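K.L.:
I'll drop the sequence and a predicted model, then ask my questions.
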Amino acid sequence: MNAALNASADPAWTSESLKSSGSIFSLGGRSLFLNGLYAIVIYLFYLGVKGKYFHSTSPIPGPSLLHWTMLPALYYYIRGEQWKYVDKLHEKYGPIFRMGSRQIYVSDKEAIRQLLAKENLPKVNWYAGLSRDPKTAGLFTTTNKEYHRQRRRLFSPAFSVEYLKNLDPFLTSATTMLFEAYAKRIRKNGGEMKVNIYEDLACLAMDILGETTLGRSFNLVSCLDDPTADRQFVDINHLLAKYLHDGGIQFFCRPFDKYMKRNLDVYKLTNPLVQDRFSQTDVERKDLLQFLVNACREVQKGQKDLLTQTHVQDQCVELLIAGGETTSNTITYILKALLDNPEKLAKLYETIPTADIDAPVCTIEELRETEYLDACINEGMRMYPVTNELGRRTGKEPTTALGHYIPPRTAVSASLRALHYSPEYWYKPKEYLPERFIPSSDVPDADMGAFMPFGTGPRNCIGWKFAWSEMKLVLYTLLSRYEIYKVEKEVDFRQFVTFQLKEPRFLVGVKVREGKI
Ligand code: HEM
């Protein structure tokens, strides 16, 4: 008969006898379960002690508890409050600290430049988790340095000043839609109204990206007020958020992510637009989509580096991720900073002539000399960098930062918030002082080496000029027509992919400037 059956039939193998016999299953008179539990606790304790005192990153300061449990960090992460935790830890430990043994945070300007620009460390795998498929990832999410280098070289001309000029009319036409809607709304309300600028700008940013990266407006601004508007894309922001959320969850649930389903409905909206463009020849329209389609055809001819229609589809969705909420949230935060500092807002108004609420929206060309507005935008981006943690990792080789050894395969994050608030680089960092960006002012000049709202190095923001045009155009148009006033007292933020408002609402009071309707 089978030995196991024999054992179960033998009275010498009952649990009582095991306890008293002191066999491997019952040490010190405890059950197998308890012994297992003790073994795990002792092992975890050993790992914690090793991480805290005997790891190669041990000389870097950081919270001790995290060597035994990551629960506090997880708690902040799940609540979208990791940024508060990181701020607090930088305040306590200085420009470099570690969370556990293999996650280092750095806020020193030289160290960030060295790691991100000079060494160009690859992005952490979290970015790859945001892509639909790492094999066809776009510029933003790829973690492969060589693949990124080729793609960046290929796509850079699309973001040059010259090519971006082709996009100006799309920017202006989408912006016109929003301000036409505002003019109608304010007339209905007798010259004064409250608007949820956070939501309105999110819709506008997506309409602009629809026009420029997918060949048509998503019509989200029209859907705000007009029940008869084409609502085909009305869910796109929601679907994009779902897609990113699932990507984040899957990343944290590895290795079980294969069994999880990701919501890809956003692609059902965008892929047909890309397919449609691929099916057309002799397209006159010069937008980002056409640039990608042409690049794809060129590459296929030369067979140098494969760029397929799927790559283009994935790249387009990534542009929506990288360029939408980043820009619209930044504009909201600049308005918030101005409303919190009425004297700066008044000074800005002095530099922007009044315009009629029905006047044509200006072109980007017309907005060249806007020194104080530019300073207000820069200072807003300093105080509210929307991508405030840039995650990188060491590869097979170690590196050093601020004199500390950083071993291979260690995550290193650049903390942009801590950098932008460091008293070492910034005069009165908690104050909104646009003048620091104006060299002739009496406020000490900004340290431009410590200013990185668009990142730094080969992976900096390829769309920064595009974002600048949008921010300037929208702010200028709004402020030239309307007087704004504060409605929201306090707002709180959360950070997942970008820095968002906890509640998706920022109400602003709006009056027609000089009372003309
Ligand atoms: C105010 C608005 C914006 C801010 C603050 C911003 C910020 C950033 C930052 C900090 C990075 C670097 C991320 C990293 O190093 O991990 C980045 C990358 C990127 N951004 Fe932006 N961005 C903005 C708008 C845009 C727009 C409008 C577009 C395109 C239409 C865009 C496209 C991209 C892309 C494709 C990348 C990846 C570049 C690469 O790795 O080569 N961004 N952005």
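P.N.:
Alright, I've got the coordinates.

K.L.:
Pull out the buried residues from stretch 384-395.
P.N.:
For stretch 384-395, a neighbour-count test (16 or more other CB atoms under 10 Å) marks 384-394 as buried. C-betas here are computed from N, CA, C, even on glycine.

K.L.:
Go back to those and keep what's next to the ligand.
P.N.:
The subset of those within reach of the ligand, by CB under 6 Å from any ligand atom, is 386-387, 390.

K.L.:
Looking at those, which are in strands?
P.N.:
residue 390 (DSSP state E).

K.L.:
Residue 129: which of the buried residues of stretch 384-395 is nearest?
P.N.:
residue 391 (11.1 Å; CB to CB).

K.L.:
and the closest residue to the closest one other than its chain neighbours, what pLDDT?
P.N.:
Leaving out its chain neighbours, the residue that sits closest to residue 391 by CB to CB, 6 or more residues apart in numbering is residue 124, at 3.8 Å. At residue 124, the predicted lDDT confidence score is 94.

K.L.:
didn't residue 124 look like it was pressed against residue 143?
P.N.:
Yes: taking CB atoms under 8 Å as the definition, residue 124 is a contact partner of residue 143 at 7.3 Å.

K.L.:
Got phi/psi on the closest residue to the ligand within the stretch 251-400 of the chain?
P.N.:
Nearest to the ligand, among the residues of the stretch 251-400 of the chain, is residue 323, at 2.9 Å (CB to the nearest ligand atom). Main-chain torsions, residue 323, degrees, to the nearest 10: phi -110, psi -10.

K.L.:
Same check on residue 278?
P.N.:
phi -60, psi -30.

K.L.:
That one: neighbour count?
P.N.:
16 (other CB atoms under 10 Å).

K.L.:
Pull the contacting residues for it.
P.N.:
Neighbouring residues of residue 278 by CB atoms under 8 Å, 6 or more residues apart in numbering: 293, 296, 309, 312.

K.L.:
Select from those residues the one having the most neighbours.
P.N.:
residue 312 (22 neighbours).

K.L.:
How about the contacts made by it?
P.N.:
274, 278, 289, 292-293, 296.

K.L.:
Closest one of those to residue 337?
P.N.:
Among the contacts of residue 312, and counting by CB to CB, the member closest to residue 337 is residue 289, at 34.1 Å.

K.L.:
The closest one and residue 188: what is the separation?
P.N.:
36 Å (CB to CB, to the nearest Å).

K.L.:
quick one: which of the two has more around it?
P.N.:
residue 289 (26 against 9).

K.L.:
In this model residue 316 seems to touch the more buried one, though I could be wrong.
P.N.:
Yes: counting by CB under 8 Å, residue 289 touches residue 316, with 6.6 Å between them.

K.L.:
tell me, what's touching those two both at once?
P.N.:
213-214, 273-274.

K.L.:
for these, which one is nearest residue 499?
P.N.:
residue 213 (22.4 Å).

K.L.:
what's the burial count for that closest one?
P.N.:
26.

K.L.:
same check, this time on residue 279
P.N.:
Neighbour tally, residue 279, other CB under 10 Å: 7.

K.L.:
What distance do you get for it to residue 360?
P.N.:
35 Å.

K.L.:
Lowest-confidence member of the buried residues of stretch 384-395, which is it?
P.N.:
Among the buried residues of stretch 384-395, residue 388 has the weakest pLDDT, 91.

K.L.:
List the residues that contact that residue.
P.N.:
83, 415-417, 495, 499.

K.L.:
Give me the phi and psi for it.
P.N.:
Residue torsions, per degrees, to the nearest 10, at residue 388 are phi -100, psi 0.

K.L.:
what's the spacing between it and residue 419?
P.N.:
Distance from residue 388 to residue 419, by CB to CB: 9 Å.

K.L.:
do residue 275 as well
P.N.:
Distance from residue 275 to residue 419, by CB to CB: 43 Å.

K.L.:
just residue 378 next, same as before
P.N.:
14 Å.

K.L.:
out of these two, which sits in the busier spot?
P.N.:
residue 419 (27 against 20).

K.L.:
Would you mind naming what in this structure lies close to the ligand?
P.N.:
So the chain meets the ligand at 123, 139-140, 152, 319, 322-323, 326-327, 330, 386-387, 390, 453-455, 459-463, 466-467 (CB under 6 Å from any ligand atom).

K.L.:
Among the residues you listed, name the ones in strands.
P.N.:
residue 390.

K.L.:
Among the residues of the chain next to the ligand, the buried ones, what's the ChimeraX command?
P.N.:
Selecting just the buried residues from those in ChimeraX takes one command, with 16+ other CB under 10 Å as the test:
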select :123,139,140,319,322,323,326,327,330,386,387,390,453,454,455,459,461,462,463,466,467
